[in-house]
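Enquirer: structure here, sequence nowhere to be found:
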């Protein structure tokens, strides 16, 4: 029912996933992710904060607004959260769990090759643009978990970081969702949009905000944009 509550909809290439709250203008436009922009979106929060609900909302927005010839969707979830339910959608090229390590490696390798191919050739004159590719990783710790004593940097992680930085202007988007560990290392520097959901300790979120940004109420699903407040 998001379209019934938003005071302003997203642009033609935007996917609404929430309501933005703008007290100064008494408006609640659609908070959206623009597939045609070079934005990179990261969502972090504690357990039961709304991370998987965000993923579901974004998937719903994508498949409602775009056809399977316009957007190709790939889903990776570290813990069972129901995202594999979307595997049968015509848009979905694959839904992966932590048990699918080989399939995930092939996905990342293909993404790397796709970004290189798009960057090298560009769209052919008069040809339709290639479909957008959207990868949602619900549980970034699958790739990078510094709390695990066994964690080591891998070539797969390096490759995926390259896809994040180079892919967005070419229509290949990797949306990272995770917890506190994701915020404490290199990953946030790759993302210009960082939505912070509640954590058990509000100081965790405050550490990534400026002093002028008020903390939102610690309600599930209530996030603050660390770039704009």
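Expert: Nice, I can see it. Given the structure is predicted, the values throughout are model-derived calculations rather than measurements.
Enquirer: please count neighbours and contacts with C-alpha atoms only from this point.
Expert: Fine.
Enquirer: identify the residues contacting the spatially most central residue of the chain.
Expert: Closest to where the C-alpha atoms of the chain average out (Cα atoms, centre = their mean) is residue 175, at 2.1 Å. For residue 175, the contact set (Cα atoms under 8 Å, 6 or more residues apart in numbering) comprises 40, 41, 42, 43, 134, 135, 136, 137.
Enquirer: what about the residues you listed, which one has the most neighbours?
Expert: Counting neighbours by other Cα atoms under 10 Å, residue 43 comes out on top of the contacts of residue 175 with 27 neighbours.
Enquirer: next up, the contacts around it.
Expert: Residues in contact with residue 43, defined by Cα under 8 Å, 6+ apart, are 51, 175, 176, 177, 178, 194, 195, 196, 197.
Enquirer: so which elements touch the longest helix anywhere in the chain?
Expert: As assigned by DSSP state H, the longest helix anywhere in the chain is helix 101-121. Other helices and strands packing on helix 101-121, by 3 or more Cα pairs under 8 Å, 6 or more residues apart in numbering; DSSP states H and E, are helix 155-167.
Enquirer: contacting residues around the helix it packs on?
Expert: The contact list for helix 155-167 (Cα under 8 Å, 6+ apart) reads 40, 105, 108-109, 111-112, 115, 143-144, 172-174, 190.
Enquirer: list the buried ones in that helix?
Expert: 156, 160, 161, 163, 164, 165, 166, 167 (16 or more other Cα atoms under 10 Å).
Enquirer: just to revisit the earlier point, now name the helix or strand holding the residue nearest to the centre of the chain.
Expert: strand 172-178 (DSSP states H and E).
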